[in-house]
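Asker: build me a model from this:
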Amino acid sequence: MTINGEHSPITLAGLRVLVVDNDAELRQQTVALLEKWGCQAFAPTDTGQALFDAAITTAAAHCCQLAVVDMRLLDDTSTQDISGLELVPELRPAFTIINSAFGHVRHAADAFHEYGAADFVAKEDGPEVLERALKRVVAKHAIARYTSDARRTDIEWSDGGQSLTSLRQSLMEDKRYVPEDEANDLIGRLFVDAQRVVLVPIVDEQLPSDAPLASTTSPNLRRETRIFLTQVDHQPVRLVLKLGKHQKIEREVENYRRYVEHGLGGLFRPEMRGHKYLWNMGGVIYGLVGNADVSNSDGPHSFSQFYRTEHDPSIILQPLQHFFHRQHWGRWYQTGVQPLDGSIFQAYDAMLHGKLSLSMQKWHALDRDAYFPALRQALTNPLRWLSDHHHTANLVANPRKAITHGDLHGDNLFVTPLHAWPIDFERTGEGPILRDFVELIQDILTRIAQFE
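Answerer: Presented below is the predicted three-dimensional model:
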């Protein structure tokens, strides 16, 4: 097969492929072919509507990358049966090849344009045509592990993949299956035309180089997301890449479009360059508009790093003033401001899906006093005190709400001495108007400044 002007063999070894066909003999033949080519084939044997449902379940359970689907799954005798085409959107993010003995030009066109199939192969065309279709789809969409050497995306993790391992482990905490190659697959789809992608995780720069990632205090590593500075090929300007749980990236993209894409003005703002979703992971790419070169020494750094390397408070304040300015995020603190419904505690508890209330109930069972060895005396247990008084201790006169970033810490803000670019909009939305200011101050005092 020729790709980019070079003859390069494409291997299908290890590819996870779903086979959906209501004809048991043809289904077995397809499975045998796929296994001969080195694929892992998964083929539900149900019939009728149960086959349709089993196909969706099987594809998700095995995180299939491709699907080979018969067009008529319910009734081979009905010219109206296009259930295989209707299954295509339900199998995403797998790429589906429709393989049918009943198709014609109109069905092929429908498969591509209306239902989003990746290819259409007639069964009478033979195994060679199906194999070429599989390889064509793999090459076109840069499924990283399986493309030819000419189209392989060379992915380099500056930490040796430690951040990727940590992310995968966090995603598997709910006992879901997360393939080892899913992140590489995702990056291949995000940077489909790239030859080489280098990823540098945004972590706490003060950690020793040999510290395990699990020990970092960087806020963006406490959740099921990771943020990277990303260099693509030899391009001088690096991009910001966020990888995380599929659902979290969906919220990120939704909030970006709702609050950031047309909500932030000026010449210095984040711009979403692309996003993709796989079965477990999603990814979103940002460019920093107005930034000439994020890779040089004068380019944007995380605010955490900037704070630790700049000792003049007036200079440290300048990018923060830019962020909170009315022409930047400050416009949201002036637009649509309303009284806060309930207390600040209730607002945070709702944002955290009731976790604060659960903590208060747990702490209420603690003793009222606690012994502090360093002070050599017993004092009021602060957790028990908080559980007893949180309804009154958080009262603020006339609290207001506005659109807030929602997670403004030092690793979610890129800065130069004059400008700031926020990233990570998963929690962006209505909240207490002082939320961003308070959370950034808290991050400076408890983590970035590293007071002794």
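Asker: quick one: low-confidence residue ranges for the protein.
Answerer: Along the chain, the parts satisfying pLDDT under 70 run over 1-9, 103-113, 142, 144-152, 175, 203-223, 291-299, 393-394, 451-452.
Asker: swap in 50 and give it another go.
Answerer: 1-7, 147-150, 204-222, 293-297 (pLDDT under 50).
Asker: tell me the contacts of the nearest residue to residue 285 once chain neighbours are set aside?
Answerer: Among residues not flanking residue 285 along the chain, residue 273 sits closest, at 4.3 Å (Cβ to Cβ, 6 or more residues apart in numbering). Every C-beta, even on glycine, is put in place using the N, C-alpha and C of the backbone. By Cβ atoms under 8 Å, 6 or more residues apart in numbering, the contact set of residue 273 is 239, 285-287.
Asker: what about the helices in the stretch 151-300 of the chain?
Answerer: Along the stretch 151-300 of the chain, the segments classed as helices by DSSP state H, counting those that start in this stretch run 162-171, 182-190, 246-255.
Asker: please report how far the residue nearest to residue 285 lies from residue 12.
Answerer: Distance of residue 273 to residue 12, given as Cβ to Cβ, to the nearest Å: 30 Å.
Asker: next one: residue 289
Answerer: Residue 289 is 40 Å from residue 12, by Cβ to Cβ.
Asker: now residue 115
Answerer: The gap separating residue 115 from residue 12 is 24 Å, by Cβ to Cβ.
Asker: check contacts around residue 326.
Answerer: Residue 326 is in contact with 333-334, counting by Cβ under 8 Å, 6+ apart.
Asker: element containing it, please.
Answerer: Here residue 326 sits in a region with no helix or strand, counting by DSSP states H and E.
Asker: and what of residue 414?
Answerer: Here residue 414 sits within strand 413-415, counting by DSSP H and E.
Asker: mind checking how far the nearest residue to residue 400 once chain neighbours are set aside is from residue 27?
Answerer: Once flanking residues are discounted, residue 400 sits nearest to residue 433: 4.6 Å by Cβ to Cβ, 6+ apart. According to Cβ to Cβ, residue 433 and residue 27 sit 60 Å apart.
Asker: show me what counts as buried in stretch 311-331.
Answerer: 316, 318-320, 322-323, 328-331 (16 or more other Cβ atoms under 10 Å).
Asker: cool, stretch 342-356 as well?
Answerer: Buried residues in stretch 342-356, defined by neighbour count with 16+ other Cβ under 10 Å: 343-345, 347, 349, 351, 356.
Asker: over to stretch 379-393?
Answerer: Going by neighbour count (16+ other Cβ under 10 Å), the buried part of stretch 379-393 is 381, 383-385, 387-388, 390.
Asker: residues in contact with it?
Answerer: 343, 345, 359-361, 363-364, 366-370, 372.
Asker: rerun that using 10 Å as the cut-off
Answerer: Stretch 379-393 is contacted by residues 343, 345-346, 349, 356-357, 359-372, 394 when judged by Cβ atoms under 10 Å, 6 or more residues apart in numbering.
Asker: just those: which are in strands?
Answerer: Judged by DSSP state E, strands contain the following of these: 369-372.
Asker: any of the residues you listed buried? List them.
Answerer: Not one of those meets the buried threshold, by 16+ other Cβ under 10 Å.
Asker: which of the buried residues of stretch 342-356 lies closest to residue 32?
Answerer: Nearest to residue 32 among these: residue 351, at 52.5 Å, using Cβ to Cβ.
Asker: surely that closest one meets residue 429?
Answerer: Yes - using Cβ atoms under 10 Å, residue 351 is in contact with residue 429, at 8.4 Å.
Asker: so what sits against both of these two?
Answerer: With Cβ under 10 Å, 6+ apart as the test, residue 351 and residue 429 both reach 404, 406.
Asker: quick check: residue 49 touching residue 83?
Answerer: Yes - when contacts are counted by Cβ under 10 Å, residue 49 is listed as touching residue 83 (8.8 Å).
Asker: who has more neighbours, the two?
Answerer: Comparing residue 49 with residue 83 by other Cβ atoms under 10 Å, the one with more neighbours is residue 83, at 21 against 11.
Asker: how about the contacts made by that one?
Answerer: Counting by Cβ under 10 Å, 6+ apart, residue 83 makes contact with 20, 22, 48-49, 51-52, 69-75.
Asker: recalculate using a threshold of 6 Å.
Answerer: Taking Cβ atoms under 6 Å, 6 or more residues apart in numbering, we find residue 83 in contact with 73-74.
Asker: coming back round to it: just flag the most distant two among the ones in strands among the contacts of stretch 379-393.
Answerer: 369 and 372, at 9.9 Å, using Cβ to Cβ across the ones in strands among the contacts of stretch 379-393.
Asker: distance of the closest residue to residue 310 other than its chain neighbours from residue 188?
Answerer: Excluding its sequence neighbours, the residue lying closest to residue 310 (Cβ to Cβ, 6+ apart) is residue 316, at 5.5 Å. To residue 188, residue 316 is 39 Å away according to Cβ to Cβ.
Asker: next one: stretch 317-327 to chain centre, how far?
Answerer: How far stretch 317-327 lies from its chain's middle: 28 Å, per Cα atoms, centre = their mean, to the nearest Å.
Asker: the helix or strand containing residue 137 vs helix 182-190, what angle?
Answerer: Assessed by DSSP H and E, residue 137 sits inside helix 127-140. Between helix 127-140 and helix 182-190, the angle comes out at 80 degrees (axes from the mean of the first three to the mean of the last three Cα atoms, to 10 degrees).
Asker: can you pull the alpha-carbon coordinates of helix 127-140 into PDB?
Answerer: Provided in PDB are the C-alpha atoms of helix 127-140 (Å, rounded to 0.1, in the frame of the first residue of the first chain):
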ATOM      1  CA  PRO A 127     -11.400 -10.600   1.600                       C
ATOM      2  CA  GLU A 128      -8.700  -8.600  -0.100                       C
ATOM      3  CA  VAL A 129     -11.000  -5.600  -0.500                       C
ATOM      4  CA  LEU A 130     -12.100  -5.800   3.200                       C
ATOM      5  CA  GLU A 131      -8.400  -6.000   4.300                       C
ATOM      6  CA  ARG A 132      -7.500  -3.000   2.200                       C
ATOM      7  CA  ALA A 133     -10.500  -1.100   3.600                       C
ATOM      8  CA  LEU A 134      -9.300  -1.800   7.200                       C
ATOM      9  CA  LYS A 135      -5.800  -0.700   6.400                       C
ATOM     10  CA  ARG A 136      -7.100   2.400   4.600                       C
ATOM     11  CA  VAL A 137      -9.200   3.500   7.700                       C
ATOM     12  CA  VAL A 138      -6.300   2.700  10.000                       C
ATOM     13  CA  ALA A 139      -3.900   4.900   8.000                       C
ATOM     14  CA  LYS A 140      -6.400   7.700   7.400                       C
END
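Asker: perfect, I'm done here.
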